[in-house]
Structure formats: C-alpha cells, structure tokens
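Engineer: Just the structure for this:
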Amino acid sequence: MPIIERLVSVVVEIAVLLIAVSAHESAHGWVAERFGDTTARDLGRITLNPIKHIDLFGSLLVPAMLAISGMPVFGWAKPVPVNPLRLRDPRRAMMQVSVAGPAANLLLAVGALIGLRVLRAMAPGVPRLVLGALTSETFFGGGLLGLVVTILTFTLIINVILAVFNMVPIPPLDGAGIVEGLLPPHMADSYRRLGRFGFLIVLGLLWLGAFDLVFRPIMILIVRLVVQ
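Structural biologist: Modelled structure (predicted):
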C-alpha cells in the first residue's frame, strides 16, 4: 500500500477514534451529573471537543502505532473525574456511570451500521467500498461516497472495539466498575486495589495478542453485516 494512502487512512482512523473517545468520556460525565456529581460539567468535560479529552499516549500514539501496523485501532482518553461522595446511591450510580461510556460507543456504532445499510440499499457498490475502506483504497478511489463509507466503516469498527475493550473487567476499565457494584463492599475494595496493576495487565494482554483474538472475529462479523 502506498505510504501516502496509509498515512491518510491513519489520520482518518485517529479522527474517528477521537470522536469516539470524546463521546465515551462525555457519557460518563453526563450520567454522573444525573446522579448529582457536576465535577465533569464544571471542568468542561461533557463535550465532544476532542481537545478536552486527548491523552497523548492513549489517544494518539497507541492508535497511530496500531493503525500503521494494520491492527484494529482503539485507544483511550483522559478519564472523566467522578466524585463518588457527590453521587446519590454511589454504588448504583457508579455502575451506571461505568456502562455509559461503552453504551455511547455502541450507539455510535449502530448509527454507523444503519448509515451503511441505507447507503447499500441506495448504491450497490457499497460492499466493495467497505472492503476498500479497510485497505485504504476507498478514500482515494471512491469519490464522496467512498469518503462517507470510509468514515462510517471506521466509526462502526472503532466504536464496537472500544465498547468491547472497555467492558473487560480489569480495573480501571469500565467493566471493573460494573463488577465492583455487584460485589459485596469488602470484596469490592480488594478488587478495586487491582487497579494499581491494571494498566500493566492490559499492556501485557496487548503484547500477548489476547485482545486481537477478540477484535479480529468482531471485525469479520461487522464486515459480514455490511457486505453480505
């Protein structure tokens, strides 16, 4: 694949990712606000403006390396601060705050899937354009329709991957927040302390390719939903 095409594809993927993580973090803050904690609102973090959420390593460097290597792109943003002491019914609230981020990503993914299915009904060449998007060909050879299909395809795949990744029950990922809410308080405290090693555990799983075993079947399923 020509280097220019690959670089442009990387830029598009990262732009889509930044919107996805911004929606993810904003959803956390929005739900926290519904339960009485306005910390995120006060800090201006309930916004789709990526500048408010960017984490240099998780939002730019990691996604760029994954995109360049041809792997599924995902990443993370600066966590939205939530003060449990300001929440009504903190345990229940934190569970809903945790699930809000992945839920926002799934909503974006569903919207992208609907958009692709509508385009497919209108233009029979869309399945070919979807496959082209995955090899960076659509953006350059498909005109305006190719650009739209590329953006929707990346939006669908990246948001599904983000939702699945964040539901892994390893602190501080969102899945851990749900598990904490289900555990008795004394067990939840012990479980939460795993968060000190959570980042290292996630990096180790990435290095071992554990997430890739999950992500690639998901990508294949997504492509089948659109192409077939």
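Engineer: just the helices in the protein please.
Structural biologist: Assigned helices in the chain, in chain order: 3-34, 39-42, 62-68, 90-122, 126-133, 138-141, 143-166, 174-182, 185-192, 195-208, 210-227 (criterion: DSSP state H).
Engineer: which one of those lies closest to residue 75?
Structural biologist: Residue 75 lies closest to helix 62-68 among those, at 4.2 Å (CB to CB). Glycine gets a C-beta too; all of them are placed from N, C-alpha and C.
Engineer: Check the protein for me, the residue farthest from its geometric middle.
Structural biologist: residue 186 (31.0 Å; CA atoms, centre = their mean).
Engineer: Tell me which of the helices of the chain lies nearest to residue 52.
Structural biologist: helix 3-34 (7.4 Å).
Engineer: in this protein, which helix or strand is least confident?
Structural biologist: Least confident helix or strand of the chain, by mean pLDDT, DSSP states H and E, is helix 138-141 with a mean of 58.
Engineer: Could you measure from the residue sitting nearest the centre point of the chain over to residue 39?
Structural biologist: Nearest to the mean C-alpha position of the chain, by CA atoms, centre = their mean, lies residue 162 at 2.7 Å. Going from residue 162 to residue 39 by CB to CB, to the nearest Å gives 23 Å.
Engineer: Residue 204 now?
Structural biologist: In terms of CB to CB, residue 204 sits 31 Å off from residue 39.
Engineer: of these two, who's got more company?
Structural biologist: Between residue 204 and residue 39, residue 39 has the larger neighbour count (other CB atoms under 10 Å), namely 16 against 11.
Engineer: Would you confirm that the more buried one contacts residue 83?
Structural biologist: Yes: assessed by CB atoms under 8 Å, residue 39 is found in contact with residue 83 at 5.1 Å.
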